[in-house]
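> this is a predicted model, with the sequence first.
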Number of protein chains: 2
Amino acid sequence: MAKHGKVSMAVVRRLPKYHRYLGELMENDIKRISSYELSKLTGFTASQIRQDFNNFGGFGQQGYGYNVEELYNQLGNILGLDKGYNTIIIGAGNLGQAIANYRNFDNRGFRLIGIFEKNPRYMGLKIRDIPIMDIDELEGFSKDHKVDIAVITTPKEAAQEIADRVIALGVEAIWNFAPVDIKVPEGIVVENVHLSESLLALSFLIKESKRESENV
Amino acid sequence: MAKHGKVSMAVVRRLPKYHRYLGELMENDIKRISSYELSKLTGFTASQIRQDFNNFGGFGQQGYGYNVEELYNQLGNILGLDKGYNTIIIGAGNLGQAIANYRNFDNRGFRLIGIFEKNPRYMGLKIRDIPIMDIDELEGFSKDHKVDIAVITTPKEAAQEIADRVIALGVEAIWNFAPVDIKVPEGIVVENVHLSESLLALSFLIKESKRESENV
DNA sequence: TAGATTGTTAATCGATTAACAATC
DNA sequence: TAGATTGTTAATCGATTAACAATC
């Protein structure tokens, strides 16, 4: 079930989308779905969808398709949503607050256990009962709490230093929103979310879209 | 210079990163760089970097490499950063505010000209001198202002309806942060930023990383 | 059973890497 | 000139798509 070879990054990026659509299907009380119907929802081809699932052993049944709830749960397991990751956010600005307030993360096993901030004006405040602490309390805090994931929403100047500090404390993964590529040692997982790069790509695509409509 | 064939999405996603690193090189007063040095910075191979640039005609010089400032400017042009897009944000929650406060977007030609919100408690407030308006003022506002890009930071339930409304008003592109895949007609550009999917992918990668260290 | 749809192999397509002649 | 490094073609690699036998 959880046995599988190396999964390509292309597949990894599609798995969460399958999970999301299957969740929606469950909300709509849909019990089964074929790869063809799922292809209409997700925009991926039916063939690709079947290939993707077969990385993990295949959860379907010939002539029937996939049981929505079972597939949803399987994907949840594959994605590790049952693990329960202790998460901290470093940087309590708008972006940090936005993430702290996002309820869906808790539902999926990402438990927010602390928020750290340098600017004293946030001290003593809470977000959803989670206290905002001074960044210098980080090391002390981690003596009492195992931290699995650190979310970095600091300015770019601070990001690498913060990353080094949390890695020294045993954090396994970094979800980085600062516009730098965080460097981490082997074995540490980092996901760099570059909103500026997303916007610049959008800008390029606008130009391309115009070129297409003007020329042939 | 701006003449080029169809550029693959893989290339489009790398262009903003080149631009960012070249900006950093300029800040450090570095005048020239080879594809090899750039490969060490970005993590892409030198061969790939040269291939990427040659989609647009090649900006280098044999035996020398690339002029940093020239390449930076060329990439800026290719990305359309000289266009000056009028941008609005719909949804003034934490995420909308975070984006509204992000100075770098203005510097790159994304002019924020309005923020719209449904919840009356934000009415009358301003972010960086940009007024937060009632969502129902959207149509009137667009009579006086050409809007190029709409940033959607509403809850998911509202996102598609808002997208339809702004498209009806002539918006060319949508930068969507709601956790749904916005559907748009031909010719409209949409960039869906799915933070939850990013986090779920991170979760998967943590599991994989552990598997690697435990097994062989 | 007949029909539907998977799991899986083979074919195709596209992207990355390697190699090197051109040239600054 | 000699050395360095691009631009570009060819080779390789990997991901996607097509096809179909297996089977529910």
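Yes, it's here. Model, not experiment: these values are computed from the prediction. Numbers count the residues shown, from 1 in each chain, chains lettered A, B, ... in the order given.
> ranges for the strands of chain A?
Using DSSP state E, the strands of chain A run over A:32-33, A:60-61, A:65-67, A:85-90, A:110-117, A:126-127, A:130-134, A:149-152, A:173-176, A:189-192.
> so which of those strands is nearest DNA strand C?
Of all the strands of chain A, strand A:60-61 sits nearest to DNA strand C, with 2.8 Å by CB to the nearest atom of the strand. In short, each C-beta sits where N, CA and C put it, glycine included.
> distance between the worst-scoring helix or strand of chain A on mean pLDDT and the chain's centre?
Between all helices and strands in chain A, the lowest mean by mean pLDDT, DSSP states H and E belongs to helix A:103-107, at a mean of 87. Relative to the centre of its chain, helix A:103-107 is centred 11 Å away, using CA atoms, centre = their mean, to the nearest Å.
> name the residues that touch it?
Residues outside helix A:103-107 that contact it (CB atoms under 8 Å, 6 or more residues apart in numbering or on different chains): A:87, A:99, A:112, B:179, B:196, B:199.
> before we move on, what about stretch A:143-151?
Stretch A:143-151 has contacts (CB under 8 Å, 6+ apart) with A:83, A:85-90, A:96, A:99, A:110, A:113-114, A:141, A:162-163, A:166, A:169-177, B:202, B:206.
> what residue ranges in chain A score low on pLDDT?
A:1-2, A:215-216 (pLDDT under 70).
> report the buried members of the contacts of stretch A:143-151.
A:85-90, A:96, A:99, A:110, A:113-114, A:141, A:162-163, A:166, A:169, A:171-177, B:202, B:206 (16 or more other CB atoms under 10 Å in any protein chain shown).
> name the residues of chain A found near DNA strand C, please.
Neighbours of DNA strand C within chain A, by CB under 7 Å from any atom of the strand: A:34-36, A:46-47, A:50-51, A:53-54, A:58-66.
> now, those residues that are in helices?
Mapping these onto helices (DSSP state H) picks out A:35-36, A:46-47, A:50-51, A:53-54.
> can you give me the neighbour number for A:Asp29?
7 (other CB atoms under 10 Å in any protein chain shown).
> distance of it relative to A:Glu69?
Distance, A:Asp29 to A:Glu69, by CB to CB, to the nearest Å: 10 Å.
> ok, now A:Thr153?
35 Å.
> same question, A:Ser35
From A:Ser35 to A:Glu69 the distance is 17 Å (CB to CB).
> show me which of the two is the more surrounded one.
When A:Ser35 and A:Glu69 are compared for neighbours, A:Ser35 comes out ahead with 19 against 14, by other CB under 10 Å.
> just give the closest residue to the more buried one, not the sequence neighbours.
Nearest residue to A:Ser35, sequence neighbours excluded (CB to CB, 6 or more residues apart in numbering or on different chains): A:Ala46, at 4.0 Å.
> close enough to count as contact, that neighbour and A:Asp52?
No. Using CB atoms under 8 Å as the test, A:Ala46 is too far from A:Asp52 to be in contact (10.7 Å).
> between those two, which has more neighbouring residues?
Between A:Ala46 and A:Asp52, A:Asp52 has the larger neighbour count (other CB under 10 Å), namely 20 against 15.
> who's in contact with the more buried one?
Neighbour list for A:Asp52: A:11, A:14-15, A:18, A:44 [criterion: CB under 8 Å, 6+ apart].
> of those, grab the buried ones for PyMOL.
The buried residues among these can be selected in PyMOL (16+ other CB under 10 Å) with this line:
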select buried, chain A and resi 11+14+15+18+44
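> if the residue nearest to A:Asp148 when sequence neighbours are not counted is in a bridge, with which residues?
Among residues not flanking A:Asp148 along the chain, A:Tyr85 sits closest, at 4.1 Å (CB to CB, 6+ apart). Per DSSP bridges, the residues bridged to A:Tyr85 are A:Phe110.
> just the one 5 residues further on next, same as before
For A:Ile90, the beta-bridge partners under DSSP bridges are A:Phe116, A:Ile152.
> my read: it touches A:Val166, true?
Yes. If you go by CB under 8 Å, A:Ile90 and A:Val166 touch, sitting 7.3 Å apart.
> now do the shared contacts for these two.
A:138, A:150.
> how many other residues sit next to whichever residue of chain A sits closest to DNA strand D?
Nearest to DNA strand D, among the residues of chain A, is A:Gly63, at 2.4 Å (CB to the nearest atom of the strand). When neighbours are counted by other CB under 10 Å, A:Gly63 registers 6.
> that older thread, make a markdown table out of the contacts of A:Asp52 and add distance to DNA strand D.
Output for these, formatted as a markdown table (distance: CB to the nearest atom of the strand, whole Å):
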| residue | distance to DNA strand D |
| --- | --- |
| A:Val11 | 6 |
| A:Arg14 | 8 |
| A:Leu15 | 12 |
| A:Tyr18 | 13 |
| A:Phe44 | 6 |
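> which of the contacts of A:Asp52 fall in helices?
Counting by DSSP H, those place A:11, A:14-15, A:18 in helices.
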